[in-house]
Structures are given as structure tokens and as C-alpha cells.
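> got a sequence here, can you model it:
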Amino acid sequence: MPPGTKFRVAICGAGIGGLTTAVALARYPDIEVVIYEAAERLAEIGAGIGLFPRPWEIIKKLGLDEELLKTTDIKPVQGPAPSFRYRRSDRPEGLEFYTLITKGNLITFHRPDFQTVLLKRLPSSYKVHCSKRLRSYTQRQGGPINLLFEDGTQASCDVLLGADGLKSSVRRSLLGEKAQWAQSQNNWSEAADITAMIEPTWSGTNAYRALIPADRLRSRRPDHRVLTTPTQYLGKGGYIIAYPIARGKMVNFVAFKSQHELENSKFNGPWVCPTEKAEFVSFFRNWEPEVQALLDCVDKPLRWAIHTVKPLKSWVSGNAAILGDAAHAMTPHQGSGAGQAIEDAYILATLLGHPLTTKDTISRALGIYDHIRRPLAYKVHECSRKNGLYFTLSNPEIDFDRVPEHEMLNQLKVLGQVFTKNWEWSWNSSIGSAVLEAMRLLETSC
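Numbering: from 1, shown residues only. Below is the predicted model:
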């Protein structure tokens with residue numbers, strides 16, 4: 001290690017969570033950072049990313065806001081702001097019923113633009129290695145963590161952070177390590193429970209994603225609302241979300257088909273793959289004309305079988321920890337997956353960078369991160385799951401199959417109030433209290 005370095009951090013994964021962690025750690029020049037990315041090159045999969053005020057607060061603290069705002073036409077709003085418009089659309093004539101009002105606005109970005117800004121902020125001393133998929137790691141108390149990659153190469157570090165997504169190799173090794181420890185204590189049922197948490201499970205929902213050139217949609221329907229207004233089109237068993245990104249040049253489109261009764265089952269087939277429009281457009285064939293215009297403009301969609309990670313009892317083992325989707329992959333129905341990864345990154349980096357965190361006390365800092373972030377993330381995990389029920393008109397509070405037509409608008413407005421209350425943590429709460437509590441725990445446990 002170079003003189004003055006207190007420890008070495010290895011980050012597996014160069015997505016939003018991993019890169020935000022690296023940028024947050026860059027505030028502490030006495031920490032050496034190396035990033036390992038499994039892909040051959042740094043390229044974000046996915047189209048849009050939206051940030052509500054809570055994670056945007058962190059973006060400002062890291063000084064990323066000005067550069068990011070150059071990539072979007074949306075400017076931050078401080079007070080009440082309209083967010084998504086809601087329509088019931090599984091009928092020939094759509095019914096607009098609700099506008100989501102948030103305290104501060106949702107700011108949307110094109111994912112590659114977001115990643116580019118993060119990469120620009122990495123110090124020149126940070127090394128980024130592509131084509132490095134972790135196979136496993138080993139650690140001994142008081143010693144370095146040894147990393148073994150799929151290409152046969154090895155490396156070492158003092159702290160391992162797994163930001164390597166849904167199919168996280170770090171999670172697999174971390175839980176495997178915990179299961180082995182339980183077995184060594186003859187806790188066979190606990191070992192079996194831990195092992196069962198390694199693999200993600202299907203949510204019962206598939207998402208069909210595409211980017212639509214705004215000019216294509218404009219030529220099809222010049223006054224289409226999603227050219228300027230984020231909109232969600234709801235119906236029984238599915239919904240569509242669409243909003244402008246890339247300075248209005250593109251529309252981010254996602255269509256969801258849900259079979260909630262299949263939640264936690266095994267999905268047969270590739271989880272992410274190109275598909276034909278025919279796989280999903282028939283589901284929406286009787287939906288309103290605005291939806292048909294969007295579907296007509298979709299080209300080369302990707303199918304994502306939405307998987308989640310079961311709630312874990314810990315994200316930490318020794319000097320290794322997981323964050324983002326590796327720790328708490330959730331359904332995307334609150335648009336909060338990226339924001340949660342950003343929160344993980346900020347608190348984790350702030351704890352590791354604290355002067356009281358040394359090579360000998362890394363595990364204490366990671367334990368506080370786990371204590372602070374895990375309950376919050378799993379609360380969001382459940383809130384997002386509930387929104388998936390609300391948006392597909394499958395919620396237990398209102399049986400839309402039994403609502404008479406003359407009561408439909410009123411009941412849909414009630415639904416809007418229900419999912420707003422479920423979602424309002426995104427704009428009515430702050431990361432500040434969690435950071436203060438993390439610092440208090442660190443400083444009083446010395």
C-alpha cells in the first residue's frame with residue numbers, strides 16, 4: 001500500500017451503486033480503491049433512472065448535481081410538484097383519475113449519462129478492471145481478503161464491497177461463508193436457511209422495456225402526453241409507465257405483465273433477453289388509443305423477468321459487505337432501486353472514511369452500516385411490492401372487479417391516495433437522520 005493508506009477497498013460492480021460508493025469514498029484520500037467489473041466494458045443496461053428528493057440530497061452532498069443536471073431538461077423543484085399522471089387504460093376510452101404530487105420533483109436521467117458523470121468523478125488513482133467476474137473470496141480474521149476471479153487471476157483487499165447486482169457473486173460467497181460457520185456450530189437448520197437465501201426469486205412480473213425516439217411518437221401522435229408528462233397507464237394485471245429522457249429526445253417505455261400468484265416461483269428462461277413485441281402487445285390490445293400509439297412505436301424491446309432477493313438477516317460477514325441489488329434487489333414499482341443503492345453507498349463510505357474506522361475496526365463500521373440500512377431498505381422493498389399490486393388493480397383494499405361504473409372514478413381516486421401514502425417516504429423523509437445515527441453509533445462504540 002502507498003504510504004498514508006489506512007486500508008484497501010475492492011468494489012465488485014461498476015453500476016450505479018458501485019460507482020457511487022467509489023465517488024463517495026473519493027472524499028477520503030487515505031483509502032485505496034479498486035473496482036472490478038464483470039462486463040467486458042463499462043456500459044449500463046437499462047434506459048431510464050429517476051431520483052426523488054431523498055437520494056437527490058445525497059447527489060448534492062457529493063457535488064454531482066450540476067454535472068448531472070446538464071444531461072436532463074428537468075430542474076429541481078423545492079415545493080409541491082406534479083410527478084406522474086395516472087389513467088385507467090384497460091378500456092377503449094381511458095380515464096384519468098390522479099396526479100401524484102410530491103414535495104420536490106422526480107428528476108429523470110438516461111442511465112448511460114448518469115454512469116458517465118460518475119466515471120468522470122473517479123480519482124485518477126482509482127483502478128477499474130473490466131472482464132473481472134468474482135468466483136469466490138476467502139478471508140481470515142485479521143488478514144486480507146483474497147479474491148479469486150473466473151479468469152483464474154487473484155487479488156487481495158482489506159474491505160470487499162459487493163455491488164455486483166441481482167446475481168451477486170459476493171452475496172453467494174458471503175452467505176456461503178455464513179452457512180459454513182453455522183455448520184461448524186452444528187446449526188444445520190440455520191445453514192440450510194442461509195443457503196436458501198442465495199438465489200433470487202421471480203416476482204411473478206415481467207417488464208418489457210424499450211426506448212422510443214420522441215420524433216417517432218410525435219409523428220404517430222403529435223399531442224401524446226408522455227412527450228412532456230410522465231404517465232402511468234393502469235389496468236388489471238398490468239400497467240405501462242412512460243416518460244421523456246435525454247433532453248426530450250427519447251421516451252423511456254416499460255410495460256409490466258403481472259401474475260402475482262406466481263410470486264417466489266422459479267422463472268424458466270433467460271431473465272433478460274431481446275424479445276418480439278408479439279410477446280406482450282396482445283395483452284394490451286383492448287387498451288386506450290394512447291397506449292396503442294406507444295405500442296406502435298416500440299422497437300426491439302427487452303424482456304426483464306423481475307427477480308428479487310429475499311430479505312437477509314445480515315449484509316455483512318467479517319470485512320465483506322453487499323449493497324444495492326446484491327443486498328436488496330426489489331421490484332421497480334416505486335422507482336427506488338437506484339436511490340436505495342445510492343443511500344447504501346453514501347452511509348457505507350461515510351462510515352469507512354471516518355477517522356475512527358481503521359484497519360482493525362472495519363467490521364464494526366460494516367456492522368453499523370448493516371444495522372442502519374437493512375431495515376430501511378426492506379421497508380422500501382415491501383412498499384415497492386405493494387405498489388406493484390396497486391398499479392395492476394390487484395390490491396386487497398379495493399376489488400375493482402366489483403366496483404360499479406358510476407363509482408369507478410371515486411374508487412380510483414381512493415387508490416391514488418393509498419399508493420401515495422405508501423410512497424411518500426421518498427419525498428417526505430431525509431437520509432440525514434440515518435447518517436447522524438450511524439455516526440453516533442460509531443463514535444459511542446469506541
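
> show me where the stretch 201-350 of the chain has its helices.
For the stretch 201-350 of the chain, the helices defined by DSSP state H, counting those that start in this stretch occupy 214-220, 278-281, 289-297, 325-328, 337-353.

> work out for me the element the nearest residue to T229 once chain neighbours are set aside sits within.
What sits nearest to T229 in space, not counting adjacent residues and going by CB to CB, 6 or more residues apart in numbering, is R85, at 5.6 Å. In this view, the C-beta of every residue, glycine as well, is placed from N, C-alpha and C. Element membership of R85, judged by DSSP states H and E, is strand 80-88.

> tell me what that strand is packed against?
strand 95-103, strand 231-235, helix 405-423 (3 or more CB pairs under 8 Å, 6 or more residues apart in numbering; DSSP states H and E).

> can I get the helix or strand bottoming out on mean pLDDT in the chain as PDB, trimmed to CA atoms?
Least confident helix or strand, the chain: strand 48-51 with a mean of 84, by mean pLDDT, DSSP states H and E. Output of strand 48-51 as PDB, limited to C-alpha atoms (Å, rounded to 0.1, in the frame of the first residue of the first chain):
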ATOM      1  CA  GLY A  48     -34.200   5.500 -17.500                       C
ATOM      2  CA  ILE A  49     -33.300   6.300 -13.900                       C
ATOM      3  CA  GLY A  50     -35.400   8.500 -11.700                       C
ATOM      4  CA  LEU A  51     -34.400  10.100  -8.400                       C
END
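
> about what we covered before: in TSV, list the helices of the stretch 201-350 of the chain along with mean neighbour count.
As requested, these are arranged in TSV below (neighbours: other CB atoms under 10 Å):
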stretch	mean neighbour count
helix 214-220	15
helix 278-281	15
helix 289-297	19
helix 325-328	28
helix 337-353	25
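
> give me the number of residues near the residue nearest to T229?
17 (other CB atoms under 10 Å).

> swap in D90?
23.

> buried set for the lengthiest strand in the chain?
If you go by DSSP state E, the chain has its longest strand at strand 201-213. Within strand 201-213, the residues that count as buried by 16 or more other CB atoms under 10 Å are T201, W202, S203, G204, T205, N206, A207, Y208, R209, A210, L211, I212.

> what is the nearest of these to P396?
P396 lies nearest to G204 out of the buried residues of strand 201-213, by CB to CB, at 15.8 Å.

> I figured the closest one was touching F256, is that so?
No: G204 is beyond contact range of F256, at 10.6 Å (criterion: CB atoms under 8 Å).

> show me where the stretch 151-300 of the chain has strands.
154-157, 159-162, 201-213, 231-235, 238-245, 250-258, 272-274 (DSSP state E, counting those that start in this stretch).

> residues of the fourth one that come out buried?
Of the residues in strand 231-235, those with enough neighbours to count as buried (16+ other CB under 10 Å) are T231, Q232, Y233, L234, G235.

> wait, which of the helices and strands packed on strand 80-88 is closest to E190?
Going by CB to CB, the one of these nearest E190 is helix 405-423, 33.0 Å.

> other SSEs contacting the helix or strand just after the closest one?
Using DSSP H and E, the next helix or strand after helix 405-423 towards the C-terminus is helix 425-428. Judged by 3+ CB pairs under 8 Å, 6+ apart, the packing partners of helix 425-428 are helix 53-61, strand 95-103, helix 362-391.

> specify the angle between the longest one and strand 80-88 in degrees.
Here the directions of helix 362-391 and strand 80-88 differ by 50 degrees (axes from the mean of the first three to the mean of the last three CA atoms, to 10 degrees).

> tell me how far helix 362-391 is from the chain's mean position?
11 Å (CA atoms, centre = their mean, to the nearest Å).

> pLDDT averaged over that helix, what's the number?
Taken as a whole, helix 362-391 has a mean pLDDT of 97.

> one more: the second one?
On average, the pLDDT along strand 95-103 is 96.

> what angle do helix 53-61 and it make with each other?
40 degrees.

> show me the contacts for the nearest residue to A438 once chain neighbours are set aside.
Nearest non-adjacent residue to A438, counting by CB to CB, 6+ apart: I372, 4.9 Å away. Neighbouring residues of I372 by CB atoms under 8 Å, 6 or more residues apart in numbering: I347, A434, E437, A438, L441.

> tell me the angle of the helix or strand where the fourth one lies relative to helix 53-61?
In the assignment (DSSP H and E), A438 maps to helix 432-444. Comparing the axes of helix 432-444 and helix 53-61 via the same axes, to 10 degrees yields an angle of 60 degrees.

> so which bits of helix 432-444 are buried?
For helix 432-444, by 16+ other CB under 10 Å, it's A434, V435, A438, M439, L441, L442.

> count the neighbours of F400 for me.
Count around F400 with other CB under 10 Å applied: 18.

> per-residue confidence for it?
91.

> check E443 too.
The model's pLDDT for E443 equals 94.

> list the contacts of it.
L356.

> what of Y208?
Y208 touches V254, A255, F256, K257, T275, E279, F280, V298, P301, L302, R303, W304, counting by CB under 8 Å, 6+ apart.

> mind listing the residues bridging to it?
A255, R303 (DSSP bridges).

> and what of the one 5 residues further on?
Applying DSSP bridges to P213 yields these beta-bridge partners: M250.

> N252 is in contact with that one, correct?
No: applying CB under 8 Å, one finds P213 not in contact with N252, separated by 11.7 Å.

> quick revisit: can I get the helices and strands packed on helix 425-428 in TSV including distance to R285?
Formatted as TSV, the helices and strands packed on helix 425-428 follow (distance: least, CB to CB, whole Å):
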stretch	distance to R285
helix 53-61	37
strand 95-103	18
helix 362-391	19
